[in-house]
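[1] predicted structure and sequence below. I'll ask about it afterward.
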Amino acid sequence: MIAQFFSRLSTGERRWLLVAVVAVSLAAIDRVVVRSVSDEFSFLQVEIDKAETQYRHHYENVRLEEQVRDKYRRYSPYIKQTGSAEEESATTLAEIEGLARQSGVRLQDVKPREAKKTGAYLNYTIDVEAEGGMKKLTAFLYGLNSSRLLLRAETLRLESREQEENLSASMRITRLLIP
């Protein structure tokens with residue numbers, strides 16, 4: 001039946017029929033094979049992009065983790081509690097007295113307070129009354145802030161007295177430790 005159909009067609013008609021069959025076959029192959037492969041490649045490219053984004057995110061986390069570990073190693077000796085609360089308080093007081101002696105500030109009154117637990121930290125607070133010149137008090141405060149014990153002057157009140165160069169200073173000094 002198909003052979004009779006082809007025998008009745010002229011040579012030009014056969015060529016056009018062959019071109020049409022090839023075109024339809026190419027379109028079918030494009031639909032079935034090429035597009036499905038192309039769709040699969042597109043899907044895989046989206047998955048690769050997601051994986052690359054996750055990789056960059058995880059890499060950044062690992063890089064930051066290393067920075068945090070380095071900082072922890074660097075500062076952990078300063079903030080870890082090495083003795084009892086009384087020993088830590090005595091160490092803090094000795095540091096404050098040493099800084100006052102170095103800077104030439106005269107300590108008038110030093111009142112250690114009880115250590116308070118704040119979250120994961122122990123907060124040591126000391127109220128200090130001191131007297132000295134502006135340069136000496138500035139040197140004392142600088143020494144506090146650059147101390148190896150990581151001391152901080154939380155509050156500071158300065159008073160000047162008439163006819164005296166010295167200033168009277170009241171301050172609250174704190175130190176945080178990890179128990």
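    That came through fine. This is a predicted model, so every value here is computed, not measured.

[2] and residue 174, how many residues sit next to it?
    By other CB atoms under 10 Å, 17 other residues sit near residue 174. C-betas here are computed from N, CA, C, even on glycine.

[3] and it, helix, strand or coil?
    Applying DSSP: H, G, I helix; E, B strand; the rest coil to residue 174 yields a three-state assignment of strand.

[4] show the pLDDT at the residue nearest the centre of the chain.
    With distances taken as CA atoms, centre = their mean, residue 64 lies nearest the centre of the chain, 6.4 Å away. With respect to pLDDT, residue 64 scores 90.

[5] checking it next. Helix, strand or coil?
    Judged by three-state DSSP, the three-state class of residue 64 is helix.

[6] the residue lying closest to residue 173 once chain neighbours are set aside: what's it in contact with?
    Nearest in space to residue 173, with sequence neighbours left out and distances taken as CB to CB, 6 or more residues apart in numbering, is residue 126 at 4.8 Å. Listed by CB atoms under 8 Å, 6 or more residues apart in numbering, the contact partners of residue 126 are 89, 92-93, 96, 110-113, 172-175.

[7] beta partners of residue 126?
    Taking DSSP bridges as the rule, residue 126 bridges to residue 112, residue 173.

[8] now do the helices in the chain.
    When assigned using DSSP state H, the helices of the chain occupy the ranges 2-8, 11-29, 35-79, 85-103, 134-145.

[9] so what touches the first one?
    Outside of helix 2-8, the residues within contact range by CB under 8 Å, 6+ apart are residue 14.

[10] still on that earlier bit, show the buried residues in the contacts of residue 126.
    Burial by neighbour count, 16 or more other CB atoms under 10 Å: within those this picks out 89, 92-93, 96, 112, 172-175.

[11] go through those and name the one nearest residue 119.
    Top of the list for closeness to residue 119, among the buried ones among the contacts of residue 126 and by CB to CB, is residue 174 at 14.1 Å.
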